[in-house]
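Chemist: What shape does this take:
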Amino acid sequence: MQTIVLRTNYIISIFAIMVSFWLYSCTKMSEEVWDKTAGMNGSFEVTQSGLPVNWLVYTPETIPSGDYELIIDTTLYKDGKQSLKFLVRKCSANGGWTSPGFCKEYEAIPGKTYKISFWVKNEGCEFVTQVGGVSPFEGEYETIIKSKENLYEWKYFEYEYRMPPKEKFNRIRFEMNILHPGTLWIDDIRIEDINGKLVEPTAS
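Modeler: I've put the predicted structure just below:
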């Protein structure tokens, strides 16, 4: 009798683990609208359904524990006619898909150096930006900026990143997150090779 009970408990435990894994794998971690013709869309000029095209965005739909708005701002911008604005009232400080933000991967050459640049305005937020060389299953990341500085005028950030020489890392990943409530605008993101050519986004 004891053997049967133990076996039943074991089966229940395995079933619970499988259900937990299934629920985790089905969790929607980001939203994206893909359009190959839009390219990088670093100035967020191309939008659809309230989202900037060709970005993986951590939205209020994917982070229900947060309290924030994702806004395409047509009144305040640095390049083009609009910027991406985060109005954050509550958020996780863990980063990644648990915090307001966005990311994208781009085609890149192992061992090559790329220039990453963007403009930010900030009122109260703490924000972090990471760049890394990645493959489908792993990556090597660097935090290129983590700041709480209030920026009441647009501030330009620029960073050079050298891809790891490993052949398997054939993509460069850019990610930005908001870690503390406030209001942040970002515009004119560029990731360029040594010849000034913008990298091409990869389909997710």
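Chemist: any idea how far residue 54 is from residue 185?
Modeler: Remark: distance between residue 185 and residue 54 (Cβ to Cβ, to the nearest Å) = 19 Å. To be clear about C-beta, it is placed using only N, CA and C from the backbone, and glycine gets the same treatment.
Chemist: Looking at the two, which is more packed in?
Modeler: residue 54 (25 against 22; other Cβ atoms under 10 Å).
Chemist: So that one is in contact with residue 41, correct?
Modeler: Yes. Counting by Cβ atoms under 8 Å, residue 54 sits close enough to residue 41 to count as a contact (4.6 Å).
Chemist: So what's the residue count around residue 84?
Modeler: Residues contacting residue 84 under the criterion other Cβ under 10 Å number 24.
Chemist: Contacts made by the helix or strand hosting it with the rest, please.
Modeler: Secondary structure assignment for residue 84, by DSSP states H and E: strand 83-90. For strand 83-90, contacts defined as Cβ atoms under 8 Å, 6 or more residues apart in numbering pick out 43-44, 52, 66-73, 76-77, 100-102, 125, 178, 180-187.
Chemist: Kindly give a single PyMOL line that selects the buried subset of those residues.
Modeler: To isolate the buried members of the contacts of strand 83-90 in PyMOL, using 16 or more other Cβ atoms under 10 Å:
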select buried, resi 43+44+52+66+68+70+71+73+77+100+101+102+125+178+181+182+183+184+185+186+187
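Chemist: so where is this structure shaky, pLDDT-wise?
Modeler: 1-27 (pLDDT under 70).
Chemist: mind listing the strands in it by residue range?
Modeler: All strands of the chain, identified by DSSP state E, fall at 47-48, 51-52, 56-58, 67-73, 83-90, 101-107, 113-123, 126-134, 139-147, 151-162, 171-180, 182-192.
Chemist: helices or strands up against the last one?
Modeler: I take that to be strand 182-192. strand 83-90, strand 113-123, strand 171-180 (3 or more Cβ pairs under 8 Å, 6 or more residues apart in numbering; DSSP states H and E).
Chemist: quick one, which of those strands is nearest to residue 28?
Modeler: strand 171-180 (17.3 Å; Cβ to Cβ).
Chemist: could I get that closest one in PDB with only the CA atoms?
Modeler: Presented in PDB, the C-alpha positions along strand 171-180 are these (Å, rounded to 0.1, in the frame of the first residue of the first chain):
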ATOM      1  CA  ARG A 171      23.800  38.300 -33.800                       C
ATOM      2  CA  ILE A 172      24.100  41.400 -31.700                       C
ATOM      3  CA  ARG A 173      21.400  42.100 -29.200                       C
ATOM      4  CA  PHE A 174      20.300  45.500 -27.900                       C
ATOM      5  CA  GLU A 175      18.100  45.700 -24.800                       C
ATOM      6  CA  MET A 176      16.800  48.600 -22.700                       C
ATOM      7  CA  ASN A 177      14.800  48.400 -19.500                       C
ATOM      8  CA  ILE A 178      13.200  50.800 -17.000                       C
ATOM      9  CA  LEU A 179      14.000  49.800 -13.400                       C
ATOM     10  CA  HIS A 180      12.400  52.600 -11.400                       C
END
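Chemist: How about that strand, which residues are buried there?
Modeler: Those would be 171-179, for strand 171-180 by 16+ other Cβ under 10 Å.
Chemist: which helices and strands does that strand pack with?
Modeler: Strand 171-180 packs on strand 83-90, strand 101-107, strand 126-134, strand 182-192, going by 3+ Cβ pairs under 8 Å, 6+ apart.
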